[in-house]
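Asker: Based on what follows, work out the 3D shape:
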Amino acid sequence: LACVRAYNDWMVEEWCGPSGGMNIPLCLIPLWDVEAAAAETQRNADRGVRAICFSELPHHLKLPTIHTGYWDPLLRVCNDTGVTICMHIGSSSTSPAASPDAPAGVGGTLAFNNSMASMADWLFSAKLIEFPKLKLAYSEGQIGWIPYALERADTVWEQHDSWQHSKERIPEPPSTYYYGRIYGCFTADHHGLHSLEEVGPDNICFETDYPHTDTTWPDSKQYVEKLLSGFDDEIAYKVLRGNAIKMLELDRT
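Answerer: Numbers count the residues shown, from 1 in each chain. A predicted model of the protein is given here:
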């Protein structure tokens, strides 16, 4: 716990503090102790932090799932303070793969699958009802898969309720709890942008992924100009800046 707190102090006070708002802190939590995690989130929220790291699929870390109620003290703090729960691909320490001996390219292609599985978990969990201000973000999860995932979730909710009983937990279609609550963060996703109406223009944020191999750096500016050509200035602002400001409740003009 002392190591987590020390890292967060460095993040807030030394890395982000002198940056004049250029750097936005994303703090760690002690996943092994939910009460300590809630307390650390509250401690950092009290000094302006609006984002924490969380696992996309905690059970892969041998931790309780979001369905158990175990994480509720943490979710309550995030709900009450406006802290966004950020989940990076691979944050469950597992990567999707078709076969144990599959070429590396298979895992790279399927990297978004854990984000999709995690989002389905949250949509059917009823936690977005229990905590109505809770916000989630999927870092590097991309966005092109979101329209069909929402369509399928709504179909399952409607057509399979006789044996799945989803409506007992969530009274409205799962997609209802996506818009305005869950943010997809993408590096390169032309398909997702072409499905912008279904993905939600208020639900996505562009990222450069520097310095990883998926990055568009050092040509990010040119890439974005090409990516967003054909979209109006309002959409471009939301994707590049506005949605992140809203998600993190930043004091920006």
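Asker: tell me the strands in this protein, going along the chain?
Answerer: Counting by DSSP state E, the chain has strands at residues 51-53, 84-88, 136-139, 182-186, 204-206.
Asker: Run through who's touching the last one.
Answerer: The reference is to strand 204-206. 137, 143, 183-187, 192, 196, 224, 227, 238-240, 243-244, 247 (Cβ atoms under 8 Å, 6 or more residues apart in numbering). Glycine gets a C-beta too; all of them are placed from N, C-alpha and C.
Asker: which among the residues you listed end up buried?
Answerer: 137, 143, 183-187, 192, 196, 224, 227, 238-239, 243-244, 247 (16 or more other Cβ atoms under 10 Å).
Asker: how far away is the spatially closest residue to Lys133 that is not a sequence neighbour from Pro73?
Answerer: Spatially, and ignoring its direct neighbours in sequence, Lys133 is nearest to Asn79 (4.8 Å; Cβ to Cβ, 6 or more residues apart in numbering). Relative to Pro73, Asn79 is positioned 11 Å away (Cβ to Cβ, to the nearest Å).
Asker: Who has more neighbours out of those two?
Answerer: A direct count of neighbours by other Cβ atoms under 10 Å for Asn79 and Pro73 places Asn79 higher, at 19 against 16.
Asker: Report the contact partners of Ala38.
Answerer: Contact partners of Ala38, counting by Cβ under 8 Å, 6+ apart, are 73-74, 76-77.
Asker: Okay, buried residues for stretch 26-37 please.
Answerer: 26-31, 34, 36-37.
Asker: Check the separation of the first and last residues in that stretch.
Answerer: 14 Å (Cα to Cα, to the nearest Å).
Asker: Other residues contacting it?
Answerer: Applying Cβ under 8 Å, 6+ apart, the external contacts of stretch 26-37 come out as 1, 4, 7-8, 11-12, 40-41, 44, 49, 51-55, 58, 61, 63, 70-71, 73-74, 86.
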